[in-house]
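>>> turn this into a model:
(one chain, ligands or ions: 1)
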Amino acid sequence: MAVSSGVKLDARALRADFPILARPMGGKPLAYLDSSNSSQKPRQVMDAEREYYETSYANVHRALYELGEKATAGYEGARETVRAFLNAETTREIVFTRGATEALNLVAYAWGLDNLGPGDLVVATELEHHSNFVPWQFIAGRTGAEFAVVPANEHGELELEALDELAARGTVKVVAVGYVNNSLGTVNPVERIAGWAREQGAITVVDACQAAPHRRIDVQALGADFVAFTGHKMCAPTGIGVLWGRRELFERMSPFGLGGDMIRSVSVEKTTWNELPQKFEAGTPPFAQAVGLAAAIDYLEAAGFEAIEAHERDLLEYTLGRLGELPQVKVWGPPAERRGGIVSFDVAGVHPHDVAQILAYDGVAVRAGHHCTQPLMTRLGVPATTRASFYLYTLPEEIDRFVEGLHRVTKTFA
Ligand SMILES: Cc1ncc(COP(=O)(O)O)c(C=O)c1O
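Numbers count the residues shown, from 1 in each chain. Purely as a prediction, here's the structure:
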């Protein structure tokens with residue numbers, strides 16, 4: 001396998017941290033090529049969460065006894081880990097949610113309902129995951145704003161020439177854009193798009209779900225206004241997500257969830273809101289999961305984001321090369337230098353579900369479907385694709401088994 005970088009990741013050694021990778025699937029060794037769907041978890045993350053439950057568990061922000069203080073310290077420590085990970089100015093800008101979907105709905109409702117109206121334009125992209133598309137389409141409809149998309153070309157890259165035409169249609173108020181697309185792996189020029197949005201007086205909402213697990217994100221350099229990501233795709237537990245937002249925007253926004261912990265005072269006459277970030281964290285937050293997320297960030301930092309990226313780039317180039325052996329396979333998406341470790345493809349004459357099923361018989365786990373990007377599937381003219389995706393624990397031998405499986409698929413359906 002080609003080595004494209006001086007920074008080297010020892011994926012073989014790291015795999016020992018992921019107990020599930022040693023378990024067979026259907027009697028065959030597991031080749032897990034579905035990490036962009038959800039990643040597997042290292043022992044270090046599971047241990048951190050178990051230790052927290054065993055030594056520091058009580059509800060946060062309310063208990064006046066030692067255990068409660070320890071629990072709160074763990075939760076707020078996790079917030080500081082996320083702040084440093086994103087290079088955010090302050091932990092007040094870090095809101096924990098139950099996932100990216102909740103984070104993006106939070107912005108769409110809490111910012112959108114009060115800031116959008118007739119004559120305004122809400123811009124998403126044809127590449128968006130439904131989580132950063134449907135909430136904006138819905139809130140635009142509720143407020144009378146127009147909803148439009150930046151189109152993608154046949155390679156799944158955004159046609160940025162369309163931006164100025166969009167601006168002519170109304171006052172652009174929001175640009176919702178994914179950092180890395182989850183179906184094809186397209187890396188979008190988010191800084192450039194955020195710069196354009198700023199010129200229009202619009203906010204930029206970045207879905208970083210497929211970026212945060214694989215590359216360093218600096219929210220101050222990005223120039224966006226909100227950035228959302230999820231824990232379960234980056235070695236962390238399920239049920240935890242993050243919304244970073246500019247403090248001045250968060251300060252001006254109404255809350256989204258209403259209930260305990262997000263209030264300062266409640267009376268029959270009037271309720272006032274808590275300070276940031278609690279204003280946006282109604283109810284008992286997913287605090288043990290946040291501790292797991294912090295452990296996952298520590299784990300990934302120790303592996304090194306540059307090394308993770310280089311490893312995935314090598315795997316991607318290797319995969320694209322090997323798929324060239326199969327003339328029946330059409331790979332969607334941009335060239336390797338503008339994509340993450342995701343390969344979506346079509347096997348001529350075979351439904352993606354059949355492809356995934358045959359691969360599964362060999363222990364190879366991939367995803368088939370529309371990947372929650374139906375507008376993109378429509379653009380490509382397919383109902384679904386089969387998708388293989390890589391992470392820091394992926395080995396070239398797994399790619400070989402995947403390609404051998406595809407040879408079997410093409411023979412079976414010949
Ligand atoms: C690009 C992208 N955005 C949003 C989501 C939704 O994240 P969550 O599962 O945390 O709601 C996903 C996960 O499928 C995704 O890949």
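
>>> pretty sure R408 contacts A360?
No - contact between R408 and A360 fails when scored by Cβ atoms under 8 Å: they sit 11.9 Å apart. For glycine as for every other residue, the C-beta is placed from the backbone atoms N, C-alpha and C.

>>> looking at the two, which is more packed in?
A360 (16 against 13; other Cβ atoms under 10 Å).

>>> neighbours around A167, how many?
Neighbours of A167 under the rule other Cβ under 10 Å: 17.

>>> how about the residues of the stretch 301-414 of the chain near the ligand?
C372 (Cβ under 6 Å from any ligand atom).

>>> mind listing the helices for the stretch 301-414 of the chain?
With DSSP state H, counting those that start in this stretch as the criterion, the stretch 301-414 of the chain has helices at 305-323, 352-361, 374-380, 396-412.

>>> so which of these is the most packed in?
Of all those, helix 305-323 carries the top mean neighbour count, a mean of 20, counting by mean count of other Cβ atoms under 10 Å.

>>> just checking, what packs against that helix?
strand 329-332, strand 342-347, helix 396-412 (3 or more Cβ pairs under 8 Å, 6 or more residues apart in numbering; DSSP states H and E).

>>> what would these look like in TSV with mean pLDDT?
Shown next, in TSV, are these (pLDDT from 0 to 100):
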stretch	mean pLDDT
strand 329-332	98
strand 342-347	98
helix 396-412	97
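
>>> out of the helices of the stretch 301-414 of the chain, nearest to I342?
Closest approach to I342 among those is made by helix 305-323 (8.0 Å; Cβ to Cβ).

>>> what angle do the closest one and helix 396-412 make?
Counting by axes from the mean of the first three to the mean of the last three Cα atoms, to 10 degrees, helix 305-323 lies at 30 degrees to helix 396-412.

>>> contacts for helix 305-323, please.
Here helix 305-323 makes contact (Cβ atoms under 8 Å, 6 or more residues apart in numbering) with 1-5, 7-9, 11, 185, 214-216, 300, 329, 331, 336, 339-343, 345, 388, 390-392, 394, 396, 399-400, 402-403, 406.

>>> one more: stretch 333-342?
36, 155-157, 180-187, 210-211, 214-215, 312-313, 315-317, 320, 343-344, 387-391, 394.

>>> and it, how far apart are its ends?
9 Å (Cα to Cα, to the nearest Å).

>>> cool, and stretch 227-243?
6 Å.

>>> right, and the helix or strand after whichever helix or strand V95 is part of?
Per DSSP states H and E: V95 is located in strand 94-97. Using DSSP H and E, the helix or strand that follows strand 94-97 in sequence is helix 100-107.

>>> how far does that next one sit from the chain's center?
Offset of helix 100-107 from its chain centre (Cα atoms, centre = their mean, to the nearest Å): 12 Å.

>>> and what of stretch 34-48?
In terms of Cα atoms, centre = their mean, the centre of stretch 34-48 is found 14 Å from the chain centre.
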